[in-house]
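J.: pasting a predicted model and its sequence here:
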Amino acid sequence: MIRSMTGFATGRGAGEGQEWTWELRGVNARGLDLRLRVPDWIEGLEPALRARLSAAMARGSVTLALRIGPAPGRAAAPALDAARLDAALAALAEVEARAREAGVDLAPANAAQVLALRGVMAEPAPESAGPGLRQTLLADFEAVLDAFLAMRAAEGRELETVLRREIDEIARLTEAAAGAAEARREDAARGLKDALSRVAEAVDMDEGRVAQELALLAVKADITEELDRLRAHVAAARALLDEDAPAGRRLDFLTQEFNREANTVCSKSGHPDLTRIGLELKAVIDRMREQVHNVE
């Protein structure tokens, strides 16, 4: 079963006096790249989430964000930070003193303005959470992860349909190339006979040497091995799609092998029909490679 590396899921929850929002998203990557943004005051949460994600997928750039705060009515009121207040008042006094020296009149600051200065009223730091909150969060995360994996699986099924269609087209073009190669052989033999008949009128020829040269040309232009390898790659790709395991890396390698054989067919073609088929083959392989880049 093919799975995509692209997915998205969100979730909301509440418990242990807190409420939270999850956001999980993934895109394609060469390996598994996990980026977690979770509060560090919940001890043990990040490694547990990382382990769960690593066990659930093999490839992809995955970002998980958790926003959490006290439930309504549970949040503590901001408190006055005496040290920051003293620093703010000292700074105001210095500013006013320098302004007087410069002959600049300043309006006096009132208490509301002083309290509005950044850091004077501080949000209380969250206390270290106990194991209860961590376990509640981990249990709640399972639904988010399931939705994320379900989206990757759904996109994977669509990818599989596209890939099977492209593989079938590669198989069809491979057989078309085999037919074109046979037609090329007949056309080449006819052309050589015509050329030799013209040459024979002007010079004496060593028929043995001519036969040897023709055999060498035929060997150099032969694409039997390339076609056999293309057929083998088609069978291997279909087998990978039937497996219930991540296949993206191996499919990517196969597309490189497909392209190598198609390039060789084009370089050996020497015939317009075979060249056309080789170029069509390369176009299909390029389309397949673009899709494979999204496979886990």
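T.: That came through, no problem. As the structure is a computational prediction, the values presented were derived from the model and not from experiment.
J.: what helices and strands are in contact with the helix or strand hosting Gln113?
T.: Gln113 is located in helix 111-115, with elements delineated by DSSP states H and E. Contact here means 3 or more Cβ pairs under 8 Å, 6 or more residues apart in numbering; DSSP states H and E; on that basis helix 111-115 packs against helix 82-101. From N, CA and C alone the C-beta is placed, and that goes for glycine too.
J.: pLDDT averaged over the helix it packs on, what's the number?
T.: Across helix 82-101, the average pLDDT comes to 85.
J.: ok, then the element right after the lowest-mean-pLDDT helix or strand in the chain?
T.: None of the helices or strands of the chain scores lower by mean pLDDT, DSSP states H and E than helix 207-221, at a mean of 58. As assigned by DSSP H and E, the chain's next helix or strand after helix 207-221 is helix 224-242.
J.: buried stuff in whatever helix or strand comes next after that following helix?
T.: Counting by DSSP H and E, the next helix or strand C-terminal to helix 224-242 is helix 248-268. Residues of helix 248-268 classed as buried under the neighbour-count rule (16 or more other Cβ atoms under 10 Å) are 248, 250-251, 254-255, 257-259, 261-262, 264-266, 268.
J.: render the CA-only coordinates of helix 248-268 in CSV, please.
T.: Output in CSV follows, covering the C-alpha atoms of helix 248-268 (Å, rounded to 0.1, in the frame of the first residue of the first chain):
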residue,chain,number,x,y,z
GLY,A,248,9.3,5.6,-2.0
ARG,A,249,13.1,5.3,-1.9
ARG,A,250,13.1,2.1,-4.0
LEU,A,251,10.6,3.6,-6.5
ASP,A,252,12.9,6.6,-6.8
PHE,A,253,15.8,4.3,-7.6
LEU,A,254,13.7,2.5,-10.2
THR,A,255,12.8,5.7,-12.0
GLN,A,256,16.5,6.4,-12.3
GLU,A,257,17.0,3.0,-13.9
PHE,A,258,14.0,3.5,-16.2
ASN,A,259,15.5,6.8,-17.3
ARG,A,260,18.9,5.2,-17.9
GLU,A,261,17.5,2.5,-20.2
ALA,A,262,15.3,5.1,-22.1
ASN,A,263,18.3,7.3,-22.7
THR,A,264,20.2,4.3,-24.2
VAL,A,265,17.3,3.4,-26.4
CYS,A,266,17.2,7.0,-27.8
SER,A,267,21.0,7.0,-28.3
LYS,A,268,20.8,3.7,-30.3
